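Visitor: model this:
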Amino acid sequence: MPESPDTKRSKQAIHTKPLNPPPLLLLDGLNLITQKGLRRFVVIPMLINISLFIFLFYYGIKQLGSFQLWFEGFLPGWLSFLSWIIWPLYFLSFWFFITFLFVTIANIIASPFNAFLSEKIEEYRGYPGNTDTSLQAFLLIAPKTIAREIRKFLSNLKWLLLLAIIFFIPGLNGLSIVIGGWLMAIQYLDTPADNQGITFKECLARLNHNKLPAFLFGLSVMLVSMIPILNFLIIPAAVAAATCLWHETYHPRRNT
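Guide: You can find the predicted model right below:
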């Protein structure tokens, strides 16, 4: 008697080692993307990642001098004695904007590949999901995933406006990294949600119902994204980790 797809899948579901807590889940993501059978789904997102980061890093370094001159002119004279404290905060906020721009563009371009990688992680870990990773399936999901990424970006514009406002307020601009952590959580956890047929609105509702795991994961992604060299692998590692977090915490079956 031939085996059903579910039976075959259950036989493959042998890679179920315990996962780290959300702040350290990126370590699991890094481990997963180096496994045999998964590495080939990482190559294209990583190449997109590296190419965009090199361009934006070069652009950011060129703009840093102009940014410093603007900062020195913007800072009131009576606050000059605090420049050694405020300047690092502005620099981190500036670097955050470069990082967030890099991650946003990279994820829009790489979204079809990220969706495929997420599906392979589901298969590897034995989570329920789609196992069709053929070229035809890729061509079918590519327009949908890119459109969803653009919609996600548009829905986050209100947060970007808030970031632009607090960027000019000394002492509050450090909050940009905190807000960025939440945006990163939305960015990556939506990929496995989309694979499961969950609407973006429902995905946000699930994350808002249990914010802490998502936020801690997103904050770790935000911080690692700001570290040169390490951020070359951040997108595939974050996709893999987010897929695990979604299924372990936010998948509808967890609420049944």
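Visitor: contacts and neighbour counts: CA atoms only from here.
Guide: Will do.
Visitor: If we ignore the residues flanking it in sequence, what's nearest L163?
Guide: Take L163 and drop its neighbours on the chain: the residue closest to it by Cα to Cα, 6 or more residues apart in numbering is S176, 5.8 Å away.
Visitor: element containing the one you found?
Guide: helix 175-195 (DSSP states H and E).
Visitor: so what's the closest residue to L219 other than its chain neighbours up against?
Guide: For L219, ignoring the flanking residues on the chain, the nearest one in space by Cα to Cα, 6+ apart is G181 at 3.8 Å. Residues near G181 by Cα atoms under 8 Å, 6 or more residues apart in numbering: 215-222.
Visitor: same question, M222
Guide: 177, 180-181, 184.
Visitor: what do you get if the cut-off is 7 Å, keeping everything else the same?
Guide: Contacts for M222 (Cα atoms under 7 Å, 6 or more residues apart in numbering) come out as 180-181, 184.
Visitor: And for the closest residue to F215 other than its chain neighbours, the neighbour number?
Guide: Closest residue to F215 apart from its sequence neighbours, by Cα to Cα, 6+ apart: W182 at 5.2 Å. Other residues within reach of W182, judged by other Cα atoms under 10 Å, total 22.
Visitor: my guess is W182 meets G218, correct?
Guide: Yes: in this structure, W182 is within contact of G218 by Cα atoms under 7 Å, at 5.6 Å.
Visitor: one step back: who wins on neighbours among the contacts of G181?
Guide: G218 (29 neighbours).
Visitor: re earlier: how about JSON lines for the contacts of M222, with distance to F55 and pLDDT added?
Guide: Listed next are the contacts of M222 as JSON lines, based on distance: Cα to Cα, whole Å; pLDDT from 0 to 100:
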{"residue": "G180", "distance to F55": "21", "pLDDT": "83"}
{"residue": "G181", "distance to F55": "23", "pLDDT": "88"}
{"residue": "M184", "distance to F55": "21", "pLDDT": "91"}
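Visitor: from those, which is closest to I48?
Guide: M184 (18.0 Å; Cα to Cα).
Visitor: So the closest one sits against S220, correct?
Guide: No: M184 lies out of contact with S220 (Cα under 7 Å); the separation is 9.1 Å.
Visitor: Just checking the distance from the helix holding S176 to the centre of its chain.
Guide: 6 Å (Cα atoms, centre = their mean, to the nearest Å).
Visitor: In it, which residues are buried?
Guide: Buried residues in helix 175-195, counting neighbours by 16 or more other Cα atoms under 10 Å, are found at 176-195.
Visitor: Tell me the first helix or strand C-terminal of it.
Guide: The helix or strand immediately downstream of helix 175-195 is helix 200-209, counting by DSSP H and E.
Visitor: The helix or strand following that next one vs helix 175-195, what angle?
Guide: Using DSSP H and E, the helix or strand that follows helix 200-209 in sequence is helix 211-225. If you take axes from the mean of the first three to the mean of the last three Cα atoms, to 10 degrees, helix 211-225 sits at 110 degrees to helix 175-195.
Visitor: what residue ranges in the chain score low on pLDDT?
Guide: Within the chain, the ranges that satisfy pLDDT under 70 run 1-17, 60, 63-87, 89-90, 93, 129-138, 167-171, 173-174, 254-256.
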